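Asker: Next one to model:
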Amino acid sequence: MLSLLCLLCLLSLTTSSSTNEQPRTFIVQVQHDTKPSIFPTHQHWYISSLSSISPGTTPRLLHTYDTVFHGFSAKISLAEALKLQTLPHIVAVIPERVRHLHTTRSPQFLGLKTSDSAGLLKESDFGVGGVVVPYYLDAIAIGSFGAVDCGVFVSASAGNGGPGGLSVTNVAPWVTTVGAGTIDRDFPADVKLGNGKVISGVSLYGGPGLASGKMYPVVYAGSGDGGDGYSGSLCVEGSLDPKFVEGKIVLCDRGVNSRAAKGEVVKMAGGVGMILANGVFDGEGLVADCHVLPATAVGASGGDEIRKYLSAAAKSKSSPPTATIVFKGTRVNVRPAPVVSSFSARGPNPESPEILKPDVIAPGLNILAAWPDKIGPSGIPSDKRKIEFNILSGTSMACPHVSGLAALLKAAHPEWSPAAIRSALMTTAYTVDNRGGTMLDESTGNVSTVLDFGAGHVHPQKAMDPGLIYDITSFDYIDFLCNSNYTLNNIQVATRRNADCSGAKRAGHAGNLNYPSLSVLFQQYGKHHMSTHFIRTVTNVGDAKSVYKVTIRPPGDTVVTVQPEKLVFRRVGQKLNFLVRVQTTAVKLAPGASSMRSGSIIWSDGKHTVTSPIVVTLQQPL
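Answerer: Predicted structure coming up:
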C-alpha cells in the first residue's frame, strides 16, 4: 500500500516518466538498523544503494540524516526513485516540495519572482506553506515526530492562508501549531478625500511625505485608458500609462504581485502616492509595509468608499477627485487587541478533524525583527535602503514567540515533555481582548471562533503555573495513528517505529488522544441523536494537595457531562482520569454542509484555571 501511495505521489508531480528527465531532489527514509556489516558507515551504504539503481553514474548524494530521521537526500530521476523504492531497506521516497515562508513579505527569499506567471502564489508576498497531506508523506511531520520523540518541543506556523476555513497547515498532533494575532500597536496612515471623508489605513513609509495641506488628484488604476483594466487595477508591471497617473495618487487593488511591488510600479509611472485596497478575501485586515513612495493600505470597505467617491466625481464633473495621505507615526494602546489576523490560517483540521488546529495564537502582525542589510525594507530589488531591523507580519512571526515561551517553560520545568509544555500554553490561553469581549476576526470585524484562535492567545505568566497538564507519549501518538486508520507501513514511515496497533483499541478512537482540546465530527447519515465520549488524563503540577472542580460550558444544543465532577490530588505528579460524554441532535443541513459549535470544560482549584475547548461539528454527507 505504501509503495502504491508513494508511486502515485511521484507520478502526480511529474510530466514525464522518461529516464532522461532532469534529476530532482528526493528525501529517502531508510530502515537504519538493517545496515549490512560490510559497510563501515551508513553513508557508504547509502552511496551503494544509489549506485545499484544507476550503474555507471556518480551517486548524487546531497545530505545524510541520523538524528531525528534516518536516511538521505539525493538528486535522482523519477525512474531512479521508483527503483530505489523497491529496495527492501527503503521505507519511503518523498519528492522535495517547496516550503513557502509564513511571513507576509519578500518572495525574493524563496527565489520566486513577482512576475511569476505560474500561479504559485495567490499573492507573491503571501506564502501559505504546503498543501496538507497524510503525515507519512509530510517531511515536516516525519522530522518533527523524531524531534518530539527525543524530547524536543516543536512549534510550527499555521500558515497565511486565512481567513478561509480549512487553510491551516502543520497539523500533526505532535506539533504545536501557531496562528497570528495583532498587538496593541499600529502605524496609522489615513486617506483624506476631497469630500472630507477620512479612510483609516496603515503604513510604514518613512520617507518624504506628501506636501502638508495639499490635495492631489486621485485615480483608480483600473479605470485608465489602454490595457484590459484588470491588470491595471492590480498595478502589475507595465500596466499603468504614465499620462494617466503622473502627479497623482493611484488606487491599486491587492493581488498577483506583492504590495510593495505595486508601489514601485506606481512610482515608475510617475505617481506621487498609492492607496492599496484589500479585496473581499482579505476583508478589513491590514498589513503595514515599508513602501518606496508615500502609500497606505486600506480595508475592503475603505477601497469601496474611495471607488464610490471617484465614480460620483466622474459623473458630476463639477470638480476632479482629490486626496492626500496623512502619516501619523506609531500609535500604542490600540483597542481592541489582540485580534485574530486576517491572514492567519484557520481550521478545521483538514487531516485529523479530531484535533483542533491551530492550537494557539501569538503576536504575528507588525513585529519588529532582524533584517539582512543586503535587502531593502520593502524586499524589492530596486530598494537600496539599508536597515538592520524591519517590521514583519505572518504566522512565522507568531511562531517564534511560542518557541521562546516553550524555552522559558522548559527552563522553569526541565522535567516537562513537549506535550506538557503545549498543554500549559493551551489551557492557560485567553480568548478576550483588552475591551473585555471575545477576540474579533480582523477580516470581518465579527467575533472570532475556536477555528480561528484554537485554545486562545498565549499567556506567558499563567503558563508557568498551569496547575494541571495533559501529557502525551510517543506511544499515544502511535495509538492515535492506528485509530486514524493508518497502516502499519504508514505509521513506520511517520514515526520510525515498528508499530503495534493491538493496544490502540483500548484508546477507543482517535479523539481519545490525551489532547488539551476536544473535538468531534458527527456525520449525520439520517441519525437524529448522536453521541461520543472522551477519556482524558491530567497530571498535577500545582499544589501537592488540591481539589479541582469542573465547570461545563457546553456547545449550543449539546449536552456535555463530566465524570467525576471533582478531582482530588494528594501529591505533585499524580495522574487522574475523567470521562467526558457528548450528546447532540441533528440539524437541517444542505448536502456537504456543516455546522460548528464550541464550548469549554474548565477545571479549577480556586488558584488555577485549566480550560479545554470542546468543538462539536455536524456534517451532512453528500
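Asker: does Val610 have beta-bridge partners, and which?
Answerer: Trp603 (DSSP bridges).
Asker: measure it to Arg60 for me?
Answerer: 52 Å (C-beta to C-beta, to the nearest Å). (Each C-beta comes from the backbone N, C-alpha and C, glycine too.)
Asker: again with Leu137
Answerer: 23 Å.
Asker: for Leu310, same thing?
Answerer: 58 Å.
Asker: Residue ranges in this structure under the pLDDT threshold?
Answerer: Applying pLDDT under 70 to the chain flags residues 1-20, 59, 99-131, 225-228.
Asker: Please point out which parts of the helix or strand hosting Tyr65 sit buried.
Answerer: Assigned by DSSP states H and E, Tyr65 belongs to strand 61-66. For strand 61-66, the buried set under the neighbour-count rule, 16 or more other C-beta atoms under 10 Å, comprises 61, 64-65.
Asker: tell me the domain boundaries of this protein?
Answerer: 2-95, 100-184+341-466, 187-332, 514-622 (automatic domain parsing).
Asker: if we can go back for a sec, Val610 and Arg60: which is more packed in?
Answerer: Val610 (25 against 15; other C-beta atoms under 10 Å).
Asker: Adding distance to Ala507, write the domains of the chain out as JSON lines.
Answerer: Below are these laid out as JSON lines (distance: least, C-beta to C-beta, whole Å):
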{"stretch": "domain 2-95", "distance to Ala507": "23"}
{"stretch": "domain 100-184+341-466", "distance to Ala507": "11"}
{"stretch": "domain 187-332", "distance to Ala507": "40"}
{"stretch": "domain 514-622", "distance to Ala507": "8"}
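Asker: Can you say which of those domains is packed in most?
Answerer: domain 100-184+341-466 (a mean of 21; mean count of other C-beta atoms under 10 Å).
Asker: on contacts alone, who are the packing partners of the strand holding Tyr65?
Answerer: helix 42-53, strand 70-76 (3 or more C-beta pairs under 8 Å, 6 or more residues apart in numbering; DSSP states H and E).
Asker: The ones you listed: which one's closest to Asn577?
Answerer: strand 70-76 (35.9 Å; C-beta to C-beta).
Asker: Give me the angle between the next helix-or-strand element following the closest one and strand 70-76.
Answerer: Next along the chain after strand 70-76, taking DSSP H and E as the criterion, comes helix 78-85. Per axes from the mean of the first three to the mean of the last three C-alpha atoms, to 10 degrees, the angle that helix 78-85 makes with strand 70-76 is 150 degrees.
Asker: CA atoms only: put helix 78-85 into CSV for me.
Answerer: Output in CSV follows, covering the C-alpha atoms of helix 78-85 (Å, rounded to 0.1, in the frame of the first residue of the first chain):
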residue,chain,number,x,y,z
LEU,A,78,11.8,9.7,-11.2
ALA,A,79,12.6,6.3,-12.7
GLU,A,80,15.6,6.0,-10.3
ALA,A,81,13.3,7.0,-7.4
LEU,A,82,10.9,4.2,-8.4
LYS,A,83,13.8,1.7,-8.5
LEU,A,84,15.0,2.9,-5.1
GLN,A,85,11.6,2.4,-3.6
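Asker: same for it, what does it pack against?
Answerer: Helix 78-85 packs on helix 2-12, strand 24-30, helix 42-53, strand 90-95, going by 3+ C-beta pairs under 8 Å, 6+ apart.
Asker: okay, now Ala494: neighbour count?
Answerer: The burial count for Ala494: 26, using other C-beta under 10 Å.
Asker: my guess is it is in a helix, correct?
Answerer: Yes. Counting by DSSP: H, G, I helix; E, B strand; the rest coil, Ala494 is located in a helix.
Asker: contacting residues for it?
Answerer: By C-beta atoms under 8 Å, 6 or more residues apart in numbering, the contact list for Ala494 reads 135-136, 141-142, 145, 481, 486.
Asker: ditto for Ile552
Answerer: Counting by C-beta under 8 Å, 6+ apart, the residues that Ile552 touches are 560-562, 599, 601-602.
Asker: 10 Å instead, please
Answerer: With contact taken as C-beta atoms under 10 Å, 6 or more residues apart in numbering, Ile552 is in contact with 559-562, 565, 580, 599-602, 614.
Asker: What about those residues, which are in strands?
Answerer: Secondary structure from DSSP state E places 559-562, 580, 599-602, 614 of these in strands.
Asker: Need the max-distance pair from these.
Answerer: Checking those with C-beta to C-beta, the most distant pair is Val559 and Ile602, at 17.0 Å.
Asker: Could you tell me the end-to-end distance of stretch 330-344?
Answerer: With C-alpha to C-alpha, to the nearest Å as the measure, stretch 330-344 spans 23 Å from end to end.
Asker: In TSV, list the ones in strands among the contacts of Ile552 along with distance to Ala74.
Answerer: Converted to TSV, those look like this (distance: C-beta to C-beta, whole Å):
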residue	distance to Ala74
Val559	56
Val560	52
Thr561	55
Val562	53
Val580	48
Gly599	50
Ser600	49
Ile601	49
Ile602	52
Ile614	46
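Asker: Which of the contacts of Ala494 fall within helices?
Answerer: With helices defined by DSSP state H, the entries of the contacts of Ala494 inside them are 141-142, 145, 481.
Asker: nearest to Arg422, of these?
Answerer: Phe145 (14.2 Å).
Asker: what residues are up against that closest one?
Answerer: Per C-beta under 10 Å, 6+ apart, neighbours of Phe145: 68-69, 135, 138, 154, 172-175, 474, 477-478, 481, 494-497.
Asker: do you know how far it is from Leu166?
Answerer: 23 Å.
Asker: What of His457?
Answerer: In terms of C-beta to C-beta, His457 sits 22 Å off from Leu166.
Asker: ok, now Ser37?
Answerer: According to C-beta to C-beta, Ser37 stands 49 Å off from Leu166.
Asker: and what of Asp149?
Answerer: Look at Asp149 and Leu166: by C-beta to C-beta, they are 28 Å apart.
Asker: Same check on Gly285?
Answerer: Using C-beta to C-beta, Gly285 is found at 18 Å from Leu166.
Asker: all strands for the stretch 451-600 of the chain, in order.
Answerer: 468-469, 518-523, 529-540, 546-553, 558-563, 566-569, 575-585, 594-604 (DSSP state E, counting those that start in this stretch).
Asker: Show me what the fifth one is packed against.
Answerer: On a contact count with 3 or more C-beta pairs under 10 Å, 6 or more residues apart in numbering; DSSP states H and E, strand 558-563 meets strand 529-540, strand 546-553, strand 575-585, strand 594-604, strand 609-619.
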